[in-house]
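A.B. asks: only the shape, not the letters, is given here:
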DNA sequence: TCACGTAT
């Protein structure tokens, strides 16, 4: 005999309210049952799909199959039925009310397909014991559950929820334990309720859990209030998901919050493509199309997005507007702040230095440079010497030039000069690997810009940069290499952390690939004409007649390339079929190039692909090249039994910075050993002071990928004797001048492009190239912020 | 599912 708690039980455990509220108590077309979960037969944690056995209560208004047949059980005992459906979390012992439809499964017989369910308070001692002991409630296991139930009986749940202090009556439970138990139960019930609600609107359990972690018990209220907040607050949920939830909640197609969120989403999408702002007209047109509303309907929402027109909806809280309108340009607020802040900081850094230049005829520094050259055993060209002098005499300087123009040489002399003058210098770069190269080139410590600015977790504030105008970097000069990789937000963080009086020197090649994030500050700073720029054009490294060098310049100008000159260093093999391209790449790498250059096919040849996927992408080519260049030895089974995805001898690349191992994203090495027992892998990396062998445990090998072929993006900042570049029209999206330029300039001795003429032409024309919208150059010229 | 960086 069971008694279902009448109405809403005193402890609030009956969870009728946990059901999506749009559902009525009984569905006319289905069945409803109440029972205790006996056993979980099957469960898929990824989507919550569960098959369980439910021991059905006697008189709870159960609706049985209309043909009168009893599903399972007997006429006399409690019926045990199979229920099937999606349950975000379910524990043995839980008491459920389920709604659903009877189906006859060919293999498993009659079962209830559950469309909705609610957790009901377990009302029997046994039910409560099983529920609490299920392990689903943090802090309570079977033993403790037993003790609690033995003491409080059917009142147990009521006691925990309402008068947790009474838990102290149970021997062995102290105040802390009592608190933990109450909290555990409350939390579990909260999660249950939220899970059911979110599930009802088509959100996967994984996301539901994430949402609950952030919104807590406030979840249902907040999601109902404005589902579009999810897109902003929950990582991984974008506008599209939020829009789906909104639709399910019945939010109108032209509801103001939908349109505001849609506009915001368009701005974010533009930022992902590198744009700092979007013109009002383009924003409204594109958003109108995407949202399926007339452009005119967006005028008011746009006003609300930029913080105007509070009359539309009274502000609920004093939240800063998401966007800023400046004339016809609409910015995301964060990017507007970054752009104006960067301009202001740079202008402030350049101020006051003019006076120094006038007072100082430069003689003092000229002498210092000459001394430094001597000390370093380097003779600079006049162009290079001028760059060093400019760096010493200006607040901000850009040094830009392509590969081989001597940026590293300048860096060394400049550093010597500054240090001899007793100045403190800080070296940094946007990537860990570039910082590592800087360390090697200068013999001085160099860090990522993030580490320089002490990016890290601050209690109660999340992640942020801890160096800023209030706590600037202690240095007389900050030198940043590979500055083309700085995006607008990072450049802003950097500039604001530099005190007036500290020199900022940005070194980079502005023709390489644009940064990952929005904006292209190095390009804009140069274009503004406000900051002195030292342009290095003279190429020392490669012979004048090198086609690699001259073709690199042709690429930048969009001109046709000079190809296949006998004895030359720049070849094009025409090939239209992607499969044939892949085969040609393999043959070149494995056979022809090693012979032609008398070099090692793995160490000295690097295949670069514009993409990862496609038949000529890095993933496929890696498989092909691994088989060709490092075939399995012997024909026995893989000695590691498939535990290790690599073979001894494989060329591999580290894919994220690992300071503990001192290996950085983009480092390439060779597998020198594998332990088939433990799955450990040893990789040898070349280092200036001799190769280093690094151990990876089985769990760490996911930091590595095969590197016979890598993407052009990953190759940025590296050089190789020979480069092979597959180029097909399947790479359409990626065919840009910067990409071709970057790929080609990675090669010291030889470049071979394999692909279609059309693809090459597309890349030269930069057909897909989109100028990044940015107002930084104008702002710098305007002199104001 | 274009590609790419940083941080715990």
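C.D. replies: It's in. Computed from a predicted structure; not experimentally measured.
A.B. asks: closest point of the stretch 101-250 of chain A to DNA strand B, which residue?
C.D. replies: When scored by Cβ to the nearest atom of the strand, the stretch 101-250 of chain A has residue A:235 as its residue closest to DNA strand B, at 10.4 Å. Using the backbone N, CA and C atoms, a C-beta is placed for each residue, glycine as well.
A.B. asks: so what's the nearest residue to residue A:765 once chain neighbours are set aside up against?
C.D. replies: Nearest residue to residue A:765, sequence neighbours excluded (Cβ to Cβ, 6 or more residues apart in numbering): residue A:558, at 6.4 Å. By Cβ atoms under 8 Å, 6 or more residues apart in numbering, residue A:558 lies in contact with A:737, A:764, A:765, A:766.
A.B. asks: could I get the average pLDDT for stretch A:33-53?
C.D. replies: On average, the pLDDT along stretch A:33-53 is 78.
A.B. asks: how many residues are close by residue A:562?
C.D. replies: Neighbour count for residue A:562, taken as other Cβ atoms under 10 Å: 13.
A.B. asks: okay, and it sits in which element?
C.D. replies: Using DSSP states H and E, residue A:562 sits in no helix or strand.
A.B. asks: who's in contact with it?
C.D. replies: In this structure, residue A:562 makes contact with A:547, A:550, A:551, A:554, A:570, judged by Cβ under 8 Å, 6+ apart.
A.B. asks: most neighbours, which of those?
C.D. replies: residue A:551 (24 neighbours).
A.B. asks: skipping adjacent residues, who's closest to it in space?
C.D. replies: Using Cβ to Cβ, 6+ apart and skipping residues adjacent in sequence, the residue nearest residue A:551 is residue A:561, 4.8 Å away.
A.B. asks: could you list every residue that touches that neighbour?
C.D. replies: By Cβ under 8 Å, 6+ apart, residue A:561 lies in contact with A:551, A:554, A:555, A:570, A:572, A:760, A:764.
A.B. asks: for the residue nearest to residue A:686 when sequence neighbours are not counted, give me the pLDDT.
C.D. replies: Distance criterion Cβ to Cβ, 6+ apart; nearest residue to residue A:686, sequence neighbours excluded, is residue A:669 at 7.2 Å. Looking at residue A:669, its pLDDT reads 95.
A.B. asks: isn't residue A:669 right next to residue A:649, touching?
C.D. replies: No - using Cβ atoms under 8 Å, residue A:669 is not in contact with residue A:649; the gap is 11.4 Å.
A.B. asks: more crowded one of those two?
C.D. replies: Remark: of residue A:669 and residue A:649, residue A:669 carries more neighbours, 23 against 14, as counted by other Cβ under 10 Å.
A.B. asks: so how far is the helix ranked longest in chain A off the chain centroid?
C.D. replies: Criterion DSSP state H: the longest helix present in chain A is helix A:175-199. Helix A:175-199 sits 31 Å away from the centroid of its parent chain (Cα atoms, centre = their mean, to the nearest Å).
A.B. asks: helices or strands up against it?
C.D. replies: Counting contacts by 3 or more Cβ pairs under 8 Å, 6 or more residues apart in numbering; DSSP states H and E, helix A:175-199 packs against strand A:109-120, helix A:156-162, helix A:205-215, helix A:219-225.
A.B. asks: ok, now which ones touch the residue lying closest to residue A:222 once chain neighbours are set aside?
C.D. replies: Sequence neighbours aside, residue A:215 is the residue nearest to residue A:222 in space, at 5.3 Å (criterion: Cβ to Cβ, 6+ apart). Residue A:215 is in contact with A:194, A:222, A:223, A:233, counting by Cβ under 8 Å, 6+ apart.
A.B. asks: give me the buried subset of the residues you listed.
C.D. replies: Neighbour-count burial (16 or more other Cβ atoms under 10 Å) applied to those gives A:194, A:222, A:223.
A.B. asks: mind putting these in TSV, pLDDT and distance to residue A:437 included?
C.D. replies: Below are the buried ones among the contacts of residue A:215 laid out as TSV (pLDDT from 0 to 100; distance: Cβ to Cβ, whole Å):
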residue	pLDDT	distance to residue A:437
A:194	78	49
A:222	88	47
A:223	88	48
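A.B. asks: looking at the residues you listed, which is nearest residue A:500?
C.D. replies: Taking Cβ to Cβ as the measure, residue A:500 sits nearest to residue A:222 out of the buried ones among the contacts of residue A:215, at 44.3 Å.
A.B. asks: surely the closest one meets residue A:229?
C.D. replies: Yes - Residue A:222 lies in contact with residue A:229 (Cβ under 8 Å); the separation is 6.4 Å.
A.B. asks: for the residue of the stretch 101-250 of chain A closest to DNA strand B, give me phi and psi.
C.D. replies: Backbone geometry at residue A:235, expressed as degrees, to the nearest 10, gives phi -60, psi 130.
A.B. asks: which residue sits closest to it, ignoring its sequence neighbours?
C.D. replies: Excluding its sequence neighbours, the residue lying closest to residue A:235 (Cβ to Cβ, 6+ apart) is residue A:210, at 7.5 Å.
A.B. asks: return the residues of the stretch 551-700 of chain A in contact with DNA strand B.
C.D. replies: A:610, A:611, A:612, A:613, A:617, A:618, A:655, A:656, A:657, A:664, A:665, A:666 (Cβ under 7 Å from any atom of the strand).
A.B. asks: drop anything exposed from the residues you listed.
C.D. replies: A:610, A:611, A:612, A:617, A:618, A:655, A:657, A:664, A:665, A:666.
A.B. asks: what distance do you get for the residue nearest to the first one when sequence neighbours are not counted to DNA strand B?
C.D. replies: Leaving aside its sequence neighbours, residue A:610 sits nearest to residue A:734 (Cβ to Cβ, 6+ apart; 3.8 Å). The spacing between residue A:734 and DNA strand B, counted by Cβ to the nearest atom of the strand, to the nearest Å, is 5 Å.
A.B. asks: for stretch A:107-123, buried residues please.
C.D. replies: When burial is assessed from 16+ other Cβ under 10 Å, stretch A:107-123 yields the following buried residues: A:111-123.
A.B. asks: quick one: contacts for the residue nearest to residue A:686?
C.D. replies: A:651, A:652, A:653, A:654, A:663, A:683, A:684, A:685, A:686, A:694.
A.B. asks: nearest residue to the first one other than its sequence neighbours?
C.D. replies: For residue A:651, ignoring the flanking residues on the chain, the nearest one in space by Cβ to Cβ, 6+ apart is residue A:707 at 4.8 Å.
A.B. asks: quick one: neighbours of the one you found, just the number.
C.D. replies: Residue A:707: 24 neighbours (other Cβ under 10 Å).
A.B. asks: and residue A:367, by the same measure?
C.D. replies: Neighbours of residue A:367 using other Cβ under 10 Å come to 10.
A.B. asks: list phi and psi for it.
C.D. replies: phi -60, psi -40.
A.B. asks: how much space between it and residue A:389?
C.D. replies: 11 Å (Cβ to Cβ, to the nearest Å).
A.B. asks: likewise for residue A:487?
C.D. replies: In terms of Cβ to Cβ, residue A:487 sits 30 Å off from residue A:389.
A.B. asks: hmm, residue A:276 is touching residue A:339, no?
C.D. replies: Yes - counting by Cβ under 8 Å, residue A:339 is a contact partner of residue A:276 at 5.9 Å.
A.B. asks: which residues do these two both contact?
C.D. replies: A:331, A:488, A:519, A:774, A:775, A:776.
A.B. asks: any chance of those in a markdown table, plus secondary structure, neighbour count and distance to residue A:264?
C.D. replies: Shown next, in a markdown table, are the shared contacts of residue A:276 and residue A:339 (DSSP: H, G, I helix; E, B strand; the rest coil; neighbours: other Cβ atoms under 10 Å; distance: Cβ to Cβ, whole Å):
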| residue | secondary structure | neighbour count | distance to residue A:264 |
| --- | --- | --- | --- |
| A:331 | strand | 24 | 12 |
| A:488 | helix | 26 | 18 |
| A:519 | coil | 30 | 19 |
| A:774 | coil | 22 | 19 |
| A:775 | coil | 21 | 19 |
| A:776 | helix | 25 | 22 |
